[in-house]
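**Student:** Everything below, folded, please.
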Amino acid sequence: MKDSKNILLIIGICGFISFICTWLSLSFELTIIEQIDDFARQNLSLSISDNHYTFFSNISRIGSSILLLPISVIISAFLYIKRRVFESLWFLLGTFINAITVYFLKLIIARPRPVIALDVRDSWSFPSGHSSVTTFFYGFIIILAIFYVQKLWERLLIIISSLSVILLVYWSRIYLGAHFATDIIASLSLSTSQLLVGYYFYLKVKEKNDFL
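**Tutor:** Next comes the predicted model:
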C-alpha cells in the first residue's frame with residue numbers, strides 16, 4: 001500500500017508540472033502549442049461533410065458538469081451510507097474544487113475558443129471544463145476499482161470502460177471545435193494532479209484513523 005501511495009503522489013506531481021508547462025507554453029506563445037493544436041485539428045476535428053455531430057454531441061454531454069456533479073453527490077451519499085464518511089466528503093469536495101478551479105483558471109487565462117465550432121460556447125477555452133470534470137469523476141471510479149474491486153475481470157472492465165469514456169469525451173470536445181487539443185492536455189494534467197494528490201493525502205489520513 002505504501003508503494004501505491006507514493007506512485008499516486010509522483011504521478012500527481014508530474015500532472016501538476018505538466019499543467020504548468022502547458023500554461024507557460026501558451027502564455028509565451030511557444031510554437032509547440034500551435035503545432036499540437038494544428039495536428040489535432042487536422043486529424044480529430046469536424047469537417048463540413050462529416051455527419052457524426054449527433055454522436056459526438058451526445059458523448060460530450062456525458063462529460064458535462066451538469067450531469068456529473070449531481071451524480072457525484074449521489075455517489076458521495078452512497079459512500080456515506082457505506083460508512084466511508086471521509087472518502088465521501090473528500091470525493092464530493094474534490095469534485096467541486098476541481099470545477100471551481102477550472103472556472104477561475106478560464107477567467108484568468110482567458111483563451112478564446114476555436115473560431116470554427118459546432119458547439120458554440122460563450123466561456124473561455126483553457127482549460128476544458130468537460131474534460132476536467134470527466135477526468136476527475138471517472139478517474140475516481142478507476143481508483144475505486146483498483147483498490148476495492150476484488151475480481152480481476154470486473155476491475156479491468158471498469159477501468160477500460162472509464163478510460164474509454166474519458167478519451168471519447170476528449171475527442172468530442174476537439175471534434176466539435178469547442179476546444180484546442182492543448183486545452184484537453186491541460187485539463188488532463190490538472191485533474192489528474194488534483195485527484196491523485198488528494199487521494200494520496202486521504203490514504204495518509206486513513207492510516208492514522210481506522211474509523212474512516
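
**Student:** where does this protein have low pLDDT?
**Tutor:** 1-3, 46-51, 116-122, 209-212 (pLDDT under 70).

**Student:** Would you tell me which helix is longest in it?
**Tutor:** Across the chain, the longest stretch assigned as helix under DSSP state H is helix 181-208.

**Student:** show me the contacts for the residue nearest the centre of the chain.
**Tutor:** Taking C-alpha atoms, centre = their mean, the centroid of the chain lies closest to residue 135, which sits 2.2 Å from it. Residue 135 sits next to 166, 187-188, 191-192, 195 when contact means C-beta atoms under 8 Å, 6 or more residues apart in numbering. (C-beta placed from N, C-alpha, C; glycine too.)

**Student:** Secondary structure element for residue 111, which one?
**Tutor:** Counting by DSSP states H and E, no helix or strand carries residue 111.

**Student:** Give me the spatial nearest neighbour of it, chain neighbours excluded.
**Tutor:** Leaving out its chain neighbours, the residue that sits closest to residue 111 by C-beta to C-beta, 6 or more residues apart in numbering is residue 126, at 3.8 Å.

**Student:** Roughly how far does residue 28 sit from residue 4?
**Tutor:** Distance of residue 28 to residue 4, given as C-beta to C-beta, to the nearest Å: 37 Å.

**Student:** neighbour-wise, which of these two wins?
**Tutor:** Neighbour count, other C-beta atoms under 10 Å: between residue 28 and residue 4, residue 4 has more, with 12 against 8.
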